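Participant: Predicted model and sequence follow; I will ask about them next.
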Amino acid sequence: MEKKNQTSEVKKLTEKLLIDRKSGCLKVSKKQMEKADRFCDDYKKFISTAKTEREVACYVIEAAEKAGYVPFEAGKQYQPGDRVYYNNRGKAVILAVIGEEGCRNGVRIAASHIDSPRLDLKPHPLYEKDGLALFKTHYYGGIKKYQWTTIPLSLHGRVVLKDGTHVDLRVGEEPGDPQFTVTDLLIHLADDQMKKSMFKAVEGENLNILAGSRPVRAEEGENLFKLNLMKILNEKYGMTEEDFVSADLELVPAFGASDIGFDRSMIGAYGHDDRVCAYPALMAALHAKTPKNTVLTVLADKEEIGSDGNTGLNSQFMRYFIADLAQAEGLETRHVLSRSKCLSADVTAAYDPTYADVYEAANSCFINGGVGMAKYTGARGKSGSSEATAEFVSEIRRLFESNDVLWQIGELGKVDAGGGGTVAMYIANLNVDVVDIGVPVLSMHSPFEVVSKLDIYMTYEGIKAFFEAD
Ligand code: MN
Ligand code: MN
């Protein structure tokens, strides 16, 4: 009898005092799980089609217009419930719903990025060598270069021609389209390559795109392989070789999303980082009713290369937008910013048991653990991070709890194993309260990243609750 009492006392204390570490799948209802699966059906369509920041921006604007959003006009007076969007060069977008109290208590921001690692064409990409036509690339963002060889790639982007008109390319996505690839050395001749470090085994200058192998039919002449390729591009797009210099042309994995696992609990796709947070933020904006405080969904470019540039969040474009909102209500921008709150919605690393030694399991985020929060990011001694205050983390934690949002908190990996950052610090530098939240990812920055359906849905629920909060 004594023993039985002790056992139940331990159980009571455990429930009261310790964190429940069982799988998130066992903490949510069956109904929530079904909602998550349904939410992700549309996400899979989105992630399979919108593969560059331009394509995501287009998708977002089209969806927003359907949901009643109109282009923002600086200087105009807006009413509670009005829905506006700001298109920054077709590569970044801000959606806003004007709140009952406008922005006098600050705005509520969900910020994600819509660029992903990929291979960009160089300004003079086209060359021929030993019977092949190839493109030189310059990789964008942090990649393990060997992962980008021997997979099917598609070519996306915009070419602005000499006369100022533009053509948009999207080759390799439709059935029957040609695709592209980067070759790798056959194992039979790879003795030297296999002894190199992974950094050196495939070098940046070897990430060349196979683009053709037939010359123009001619008895003599030079550059016949290049010429044949330019002939095709000219007929199709009106391009000459020089037009490559004013192009945003990007190679991305040519495959779409698929369910992963017999239980279909996960999704594999290119570009989850960070469209897997951008999509929930977009959905929260589309579904938003008139909020108390004005809410902003900020979808930025350039995060993968440090957020610099006029479409990245280290630029002033979001601040200018908020300044316009403030001015229309007769408020000072600095007062609005200082009272604002932000969820920096970016992915985090999911604990991978196969590479357990770089994680600190007790402080990691797990697949199916729900939306992952990070009090700070950065590297080494929290360098390159804005750390959220205890007060703000507590506020968001309470918000999630009271809205049945499954959440977890963790760090990227072991303290000295490496590190990474998000847009959080650029927004925090405007004197906004910011905390990182987002979906944990396996194989981050690879051509085929994996995430959990439940975690995607909980990120949506989290952002939605944040927008609806007082
Ligand atoms: Mn990211
Ligand atoms: Mn990233």
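Facilitator: Alright, I've got the coordinates. Keep in mind that this is a model prediction, so the values were computed, not measured. Residues are numbered from 1 along each chain as shown. Ligands and ions are numbered 1, 2, ... in the order given.
Participant: Could you tell me the per-residue confidence at residue 1?
Facilitator: Note for residue 1: predicted pLDDT of 60.
Participant: same question, residue 242
Facilitator: pLDDT, read off for residue 242, is 98.
Participant: Setting aside sequence neighbours, what's the nearest residue to it?
Facilitator: residue 162 (6.8 Å; CB to CB, 6 or more residues apart in numbering). C-beta: built from backbone N, CA, C; applies to glycine.
Participant: Please name the residues that touch that neighbour.
Facilitator: Residue 162 makes contact with 240, 242, 243, 246, according to CB atoms under 8 Å, 6 or more residues apart in numbering.
Participant: Helix, strand, or coil at it?
Facilitator: coil (DSSP: H, G, I helix; E, B strand; the rest coil).
Participant: How many residues are close by residue 336?
Facilitator: 24 (other CB atoms under 10 Å).
Participant: Name all residues that make contact with it.
Facilitator: By CB under 8 Å, 6+ apart, the neighbours of residue 336 are 103, 104, 106, 107, 322, 325, 326.
Participant: residues near the residue nearest to it when sequence neighbours are not counted, how many?
Facilitator: Closest residue to residue 336 apart from its sequence neighbours, by CB to CB, 6+ apart: residue 326 at 4.4 Å. When neighbours are counted by other CB under 10 Å, residue 326 registers 22.
Participant: how far does the helix or strand containing residue 326 sit from the chain's center?
Facilitator: Following DSSP states H and E, one finds residue 326 within helix 317-328. In terms of CA atoms, centre = their mean, to the nearest Å, the centre of helix 317-328 is set 24 Å apart from its chain centre.
Participant: Could you look up the next helix or strand downstream of that helix?
Facilitator: helix 333-338.
Participant: Residue 102: what's it in contact with?
Facilitator: Going by CB under 8 Å, 6+ apart, residue 102 touches 80, 293, 294, 325, 329, 331.
Participant: Ramachandran angles for the nearest residue in space to the last one that is not next to it in sequence?
Facilitator: Nearest residue to residue 331, sequence neighbours excluded (CB to CB, 6+ apart): residue 104, at 6.0 Å. Residue 104 adopts backbone torsions of phi -70, psi -20, taken as degrees, to the nearest 10.
Participant: I figured residue 104 hits residue 329, correct?
Facilitator: Yes: the criterion here is CB atoms under 8 Å, and residue 104 meets it with residue 329 at 6.5 Å.
Participant: Just checking the distance from stretch 176-187 to the centre of its chain.
Facilitator: 26 Å.
Participant: Next, give phi and psi for residue 360.
Facilitator: Torsion angles, degrees, to the nearest 10, at residue 360: phi -110, psi 100.
Participant: cool, residue 436 as well?
Facilitator: Backbone geometry at residue 436, expressed as degrees, to the nearest 10, gives phi -80, psi 130.
Participant: residues contacting the nearest residue to it once chain neighbours are set aside?
Facilitator: Nearest non-adjacent residue to residue 436, counting by CB to CB, 6+ apart: residue 374, 4.0 Å away. By CB under 8 Å, 6+ apart, the residues touching residue 374 are 348, 409, 410, 411, 412, 435, 436, 437, 438.
Participant: SS state for the fourth one?
Facilitator: Put plainly, it is residue 411. coil.
Participant: pLDDT wise, what is it at?
Facilitator: Reported pLDDT for residue 411: 93.
Participant: what sits against it?
Facilitator: 360, 363, 364, 374.
Participant: Let me know how buried the closest residue to residue 311 other than its chain neighbours is, in neighbour terms.
Facilitator: Counting by CB to CB, 6+ apart, residue 311 lies nearest to residue 301, which is 3.8 Å off, once chain neighbours are set aside. By other CB under 10 Å, 28 other residues sit near residue 301.
Participant: how close does residue 301 get to ligand 1?
Facilitator: 12 Å (CB to the ion, to the nearest Å).
Participant: List the buried residues for the lengthiest strand in the chain?
Facilitator: As assigned by DSSP state E, the longest strand anywhere in the chain is strand 118-129. For strand 118-129, burial by neighbour count (16 or more other CB atoms under 10 Å) applies to 118, 119, 120, 121, 125, 126, 127, 128.
Participant: just curious, which of these is nearest to residue 442?
Facilitator: residue 118 (19.1 Å; CB to CB).
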